[in-house]
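Peer 1: Here is the input, now give the coordinates:
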Amino acid sequence: MKHSVYFAYPGDLEAKTGGYGYDRKVISELRNLGWHVDLVPLGAGYPFPDHDTILRTEEMLGALPEKSLVLIDGLAYGALGDIAKRLAQRITFIALVHHPLASEGNITEQEQSTLLASERLALKHASTVFVTSSSTCQQLIENYDVPGAKIVVAKPGTEQNVQAERTSQVPIILSVGSIIPRKGYDVLVAALNKIKHLAWECRIVGSRTMDAHCDATLQQQIIENQLSDRVVLVGQIDDVRSEFTRSDIFALASRYEGYGMVFAEALSLGLPIVACDAGAVSEVVPADAGILVAPDDSDAFANALKRIVTDRELANGMAEASFRQSKLLPSWTDTGKLFSEVLEKAANERI
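Peer 2: The predicted structure follows:
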């Protein structure tokens, strides 16, 4: 007989981001495996919730039955250091860390220090910590004092696809991710400006509402570089897969990724990739499937794009390697089974 688990999450679970997409898949797979999953919405504003949200969060979590099993998204859990310490005596926390909160871009040193201390305390009181990559696992061991034996690496699943045929006369460069500083769109546009003498089109797909200032600054950069007719800010859409299938190159200049599900998506459709060697990106993208450069290096990013745009043989070879690599990635069924096994053990231990 399967046990019950509470899934606690911040913000909007239906948001079109990699982290929330991961959460939704895990919930779905656990339910498919017979788990009863109760959702516990913790409210907006994380990882910097206001005072009222913090009070409601502690009230909701504190009202759960004693010995409850609580799988909680790290975007909220990392901000709940003191609450986790108080409640861990009566409920079992299982943390799901997509990436350490202090690794998020565009935060002050004081905010970074606060998040580091809070997340370190919260993780101390989690019975198990799920992470999405070996890179994040190592980071938690080295910087957050989390014992390795307490960490479980559960890589995102990837759906297997048929390799798309490239028929574009003008190469289409695709970038997918919310428009926030960490995604490095300023670097991408700066790189595109350096190769605007070449034939290409670029489509940027992702939410434009998560950081209004970042979105406005990016629009202005595109206008100032006279790229408005070649760089399209598509915004958030439901059918992202169609964008991948019509594209020739995937490019994202993230300054940090806890895994990077969009890179796995690009692999599954056989796209050559240009990205930054940051966080877990090199763990997902093998050397023969793309070109990784240092973060914030628009010259190197431009040169990488130029090589793939101008060298069809290189692009085709990377596309083949990309598609081959995708066959080695886990499925969501694999990821769900791993969660189920770990949760089953935790449930049995608390009885």
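Peer 1: burial measure for residue 94, as a count.
Peer 2: Other residues lying near residue 94 total 23 when counted by other Cβ atoms under 10 Å. Every C-beta, even on glycine, is put in place using the N, C-alpha and C of the backbone.
Peer 1: To clarify, my last question referred to residue 27.
Peer 2: 20.
Peer 1: Other residues contacting the longest helix along the chain?
Peer 2: Ranked by residue count and defined by DSSP state H, the top helix of the chain is helix 332-350. Residues outside helix 332-350 that contact it (Cβ atoms under 8 Å, 6 or more residues apart in numbering): 2-3, 5, 25-26, 28-30, 32-33, 35, 67, 69, 71, 92, 94, 127-128, 130, 152, 154-159.
Peer 1: mind redoing it with 7 Å?
Peer 2: For helix 332-350, the surrounding residues in contact (Cβ atoms under 7 Å, 6 or more residues apart in numbering) are 3, 5, 25-26, 29-30, 32-33, 35, 67, 69, 92, 94, 127-128, 152, 154-157.
Peer 1: What residues of that helix count as buried?
Peer 2: If you call a residue buried by 16 or more other Cβ atoms under 10 Å, then helix 332-350 has these buried ones: 332, 335-340, 342-344, 346-347.
Peer 1: got those as CSV, with pLDDT columns?
Peer 2: Written out in CSV, the entries for the buried residues of helix 332-350 read as follows (pLDDT from 0 to 100):
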residue, pLDDT
332, 96
335, 97
336, 97
337, 97
338, 98
339, 98
340, 97
342, 97
343, 96
344, 95
346, 92
347, 90
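Peer 1: Now do the closest residue to residue 290 other than its chain neighbours against residue 153, distance only.
Peer 2: Excluding its sequence neighbours, the residue lying closest to residue 290 (Cβ to Cβ, 6 or more residues apart in numbering) is residue 273, at 3.1 Å. With the distance defined as Cβ to Cβ, to the nearest Å, residue 273 ends up 22 Å from residue 153.
Peer 1: and these two? which has more neighbours close in?
Peer 2: Comparing residue 273 with residue 153 by neighbour count (other Cβ under 10 Å), the higher total belongs to residue 273, at 28 against 17.
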